[in-house]
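In: my questions concern the predicted model and sequence given below.
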Amino acid sequence: MNIFADIRGMVLEHLAGLVTAGELPSDISFENVAVEPPRDALHGDMATNAAMVLAKPAKTNPRALAELLVAGLVKDDRILSADVAGPGFINLRLAPGVWNSVVQSILETPDAFGRSDQGAGKRVNVEYVSANPTGPLHVGHTRGAVFGDALASLLAFVGYDVTREYYINDGGAQVDVLARSVYLRYLEAHGQQVAFEDGTYPGDYLIAVGQALKAKVGDAFLDKGEQFWLAEVREFATQAMMDLIRADLKALNVEMDVFYSEKSLYGTGKIEAALDDLKGKGLIYEGVLEPPKGKKPEDWEPREQTLFKSTDHGDDVDRPVMKSDGAWTYFAPDIAYHYDKVQRGYDQLIDVFGADHGGYVKRMKAAVSALSDGKTPLDIKLTQLVKLFKNGEPFKMSKRAGTFVTLRDVVDQVGADVTRFVMLTRKNDAPLDFDFDKVTEQSKDNPVFYVQYAHARVMSVMRKAAEAGIDVSDAALAAADLSINTDVQEQAVMAKLAEFPRLVDIAARNNEPHRVAFYLYDLAAEFHSLQNKGKEDNSLRFLQPDNPATSQSKIALAKAVAVVISAGLGILGVEPAQEL
């Protein structure tokens, strides 16, 4: 049940009646008509911009049109009052029974509330994390992993068929560096003294890999040139790192459907096929790029290269796909990878990149646009940096990793649930401060605790009610008389509950799972306010042992809050707390 969609439908029906009556032109579009919460709750329960957006195409005065619309709206039993405000906005107050019907809907079909068919019949691929397989995941990857996973769950919640995908960057020079680093640990395992030169990976996490390599091959690679061992060690080390990364993701409760290897694109004709597709569209040519803007590098010289005409699809400059020496650029396999995604028949593609990949956005969108003939949209979400603090100081780097704070460092400190929720308390493209002390304290300033505490409070009330002999089964609460919940704060809780389907719909359309975290905090605030008000007014207490019927009506409202919090936390990948 989406009451905002229902009321919007009612508004559209009355507008259609005005068309029939000749008050509006027959070809007018209602696409931009919205029904949403008012900016100020004192103005009403909902507001519509109908008269404001239709007045100009209808060549009429917005207030006059608003008055016509209001005259019809007030005849509906769901509308308590409708008032014209300002230049033509319409503020609506809903009958109390409307809010009761929302709560009843939550209790009768708890698994369905907030869900929709927005994505029904559509397939979407969400690619996220995709870290180089050269070490454990760091805190930046953590944010991308949480964001991507929550986004995938959000889209699944509204009906999309979602594929969670990890692109393994195992085709570049970095995996050769990894192999050489593991070889050094292999030598070390044989008792040799080694030195990690600049460019190699000194992290302690490779000690075990070097020992495992020794256990597998013994002394076969000792005193041998890398032409004898590089390929085999590279494969061994990459697999070991991917095992580590999978374990890190599992600790964060992230599970991928697909791990796609970049290496599988080389020597298989897949890169050539993707570029042939672009060539057939007249988008591959031999040319010379202009020098970089600003000061020209001293070593820059014009070179003829194979270029993708990405400017035909919205990019700033054309992009090289093959170097002058015949080697592929980094962009070429990325084109082939996305060509493969397009060929798999997805209706939408989403890539989650770190903020340092901002320069890649336009060229990647151009590639997908060209490869799909503009039919497959690609949305690229950038996740900004995370700054870690503990005891008022920046959190120190991990000795195990060598140069950075790992995902495991964070999860081991505060747990997966806290990590996930906090990572979603800012929009993905805004910097995030992660303070270990604040995210573990039990206060309103800690959003994780505040939301979890609301759910746990409801569970506590229900346990106490059951102990008092009050029937709080699903059937009993769904049948409770909700009409006695008339206090202004009870109504505020109901109104906030009613926003959930609309909020989920907007979050999914904009690929913004942080909106769910924000909503849950606001819902928890309304619930805590109601419970605190009950400490002063006994008639508002959830548990009233001498009056089972009243208790059931109050607890029914509280249970609806718990249902929605649980659903929202489920989208975020967080377990709801069951105990205080």
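Out: Ah, there it is. Numbers count the residues shown, from 1 in each chain.
In: can you give me the neighbour number for residue 169?
Out: 20 (other C-beta atoms under 10 Å). For the C-beta atoms, the positions are set from N, CA and C on the backbone; glycine is no exception.
In: excluding covalently adjacent residues, which one is nearest to it?
Out: The spatial neighbour of residue 169 that comes closest, neighbours along the chain excluded (C-beta to C-beta, 6 or more residues apart in numbering), is residue 132 at 4.8 Å.
In: how many neighbouring residues does that neighbour have?
Out: Neighbours around residue 132, by other C-beta under 10 Å: 18.
In: and the pLDDT at residue 298?
Out: With respect to pLDDT, residue 298 scores 64.
In: test my guess that residue 431 contacts residue 384.
Out: Yes. The criterion here is C-beta atoms under 8 Å, and residue 431 meets it with residue 384 at 4.8 Å.
In: between those two, tell me which one has more neighbours.
Out: For the pair residue 431 and residue 384, the greater number of neighbours falls to residue 384 (16 against 10), based on other C-beta under 10 Å.
In: tell me the centre residue of the chain?
Out: Nearest to the geometric centre of the chain sits residue 151, at 2.9 Å (C-alpha atoms, centre = their mean).
In: I'd like the mean pLDDT over whatever helix or strand it lives in, please.
Out: Element membership of residue 151, judged by DSSP states H and E, is helix 139-157. Per-region confidence: helix 139-157 scores 96 on mean pLDDT.
In: pull the distance from it to the chain's centre.
Out: With C-alpha atoms, centre = their mean, to the nearest Å as the basis, helix 139-157 stands 5 Å off its chain's centre.
In: just the CA trace of that helix, in CSV.
Out: Extracted in CSV, the C-alpha atoms of helix 139-157 (Å, rounded to 0.1, in the frame of the first residue of the first chain):
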residue,chain,number,x,y,z
VAL,A,139,38.2,1.0,4.2
GLY,A,140,37.5,2.7,0.8
HIS,A,141,36.5,-0.6,-0.6
THR,A,142,34.3,-1.1,2.4
ARG,A,143,32.2,1.9,1.6
GLY,A,144,31.8,0.8,-2.0
ALA,A,145,30.9,-2.7,-0.9
VAL,A,146,28.3,-1.6,1.5
PHE,A,147,26.8,1.0,-0.9
GLY,A,148,26.7,-1.5,-3.8
ASP,A,149,25.2,-4.3,-1.8
ALA,A,150,22.5,-2.1,-0.2
LEU,A,151,21.7,-0.7,-3.7
ALA,A,152,21.4,-4.2,-5.1
SER,A,153,19.1,-5.1,-2.2
LEU,A,154,17.0,-2.0,-2.7
LEU,A,155,16.5,-2.7,-6.4
ALA,A,156,15.6,-6.3,-5.6
PHE,A,157,13.1,-5.0,-3.0
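In: low-confidence ranges, the stretch 351-500 of the chain, go.
Out: Scanning the stretch 351-500 of the chain for pLDDT under 70 picks out 397-403.
In: ok, which stretches of it are strands?
Out: Taking DSSP state E, counting those that start in this stretch to define them, one finds strands in the stretch 351-500 of the chain at 378-383, 386-390, 393-394, 432-435.
In: what's next to the third one, contact-wise?
Out: When contacts are taken as C-beta atoms under 8 Å, 6 or more residues apart in numbering, the neighbours of strand 393-394 outside the stretch itself are 387, 388.
In: what pairs with that strand, parallel or antiparallel?
Out: Strand 393-394 pairs in its sheet with strand 386-390 (antiparallel), by DSSP bridges.
In: give me the contact list for the partner strand.
Out: 139-140, 142-143, 394-395, 405, 410, 413, 423, 431-437.
In: now the angle from it to helix 139-157?
Out: Relative orientation of strand 386-390 versus helix 139-157 (axes from the mean of the first three to the mean of the last three C-alpha atoms, to 10 degrees): 120 degrees.
In: now stretch 381-389 - C-alpha only, PDB.
Out: Below are the C-alpha coordinates for stretch 381-389, written out as PDB (Å, rounded to 0.1, in the frame of the first residue of the first chain):
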ATOM      1  CA  LYS A 381      28.100   6.000  -8.600                       C
ATOM      2  CA  LEU A 382      31.200   7.300  -7.000                       C
ATOM      3  CA  THR A 383      31.900   6.700  -3.400                       C
ATOM      4  CA  GLN A 384      33.900   9.400  -1.600                       C
ATOM      5  CA  LEU A 385      36.700   8.900   1.000                       C
ATOM      6  CA  VAL A 386      36.200   7.700   4.500                       C
ATOM      7  CA  LYS A 387      38.100   9.200   7.400                       C
ATOM      8  CA  LEU A 388      38.600   7.000  10.400                       C
ATOM      9  CA  PHE A 389      38.900   8.300  14.000                       C
END
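In: coming back round to it: helix/strand/coil for the residue nearest to residue 169?
Out: Three-state call for residue 132 (DSSP: H, G, I helix; E, B strand; the rest coil): coil.
In: I'd assumed residue 167 was in contact with it.
Out: No. Counting by C-beta under 8 Å, residue 132 stays clear of residue 167, with 10.4 Å between them.
In: hmm, back to that, of the strands of the stretch 351-500 of the chain, which is nearest residue 83?
Out: Ranking these by proximity to residue 83 (C-beta to C-beta) places strand 378-383 first, at 39.1 Å.
In: mind listing what's buried along the closest one?
Out: 378, 379, 380, 381, 382, 383 (16 or more other C-beta atoms under 10 Å).
In: repeat for stretch 451-460
Out: Applying a neighbour-count criterion of 16+ other C-beta under 10 Å, one finds 451, 452, 453, 454, 455, 456, 457, 458, 459 buried in stretch 451-460.
In: my read: the fifth one touches residue 563, true?
Out: Read it as residue 455. No. The pair residue 455 / residue 563 is not scored as a contact, 9.6 Å apart, by C-beta under 8 Å.
In: ok so, going back, now do the helix holding residue 151 against strand 378-383, angle only.
Out: Angle, helix 139-157 to strand 378-383, by the same axes, to 10 degrees: 140 degrees.
In: following helix 139-157, which helix or strand comes up?
Out: Moving toward the C-terminus from helix 139-157, the next helix or strand (DSSP H and E) is strand 161-168.
In: just give me how far stretch 506-517 sits from the chain centre.
Out: 7 Å.
In: CA atoms only for it, dumped as PDB, please.
Out: Presented in PDB, the C-alpha positions along stretch 506-517 are these (Å, rounded to 0.1, in the frame of the first residue of the first chain):
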ATOM      1  CA  ILE A 506      12.300   7.400  -4.800                       C
ATOM      2  CA  ALA A 507      15.500   5.800  -3.500                       C
ATOM      3  CA  ALA A 508      15.300   3.000  -6.000                       C
ATOM      4  CA  ARG A 509      14.600   5.400  -8.900                       C
ATOM      5  CA  ASN A 510      17.700   7.400  -8.000                       C
ATOM      6  CA  ASN A 511      19.900   4.600  -6.900                       C
ATOM      7  CA  GLU A 512      20.300   6.100  -3.500                       C
ATOM      8  CA  PRO A 513      20.100   3.600  -0.600                       C
ATOM      9  CA  HIS A 514      21.200   6.200   1.900                       C
ATOM     10  CA  ARG A 515      17.700   7.600   1.800                       C
ATOM     11  CA  VAL A 516      16.500   4.400   3.600                       C
ATOM     12  CA  ALA A 517      19.000   5.000   6.500                       C
END
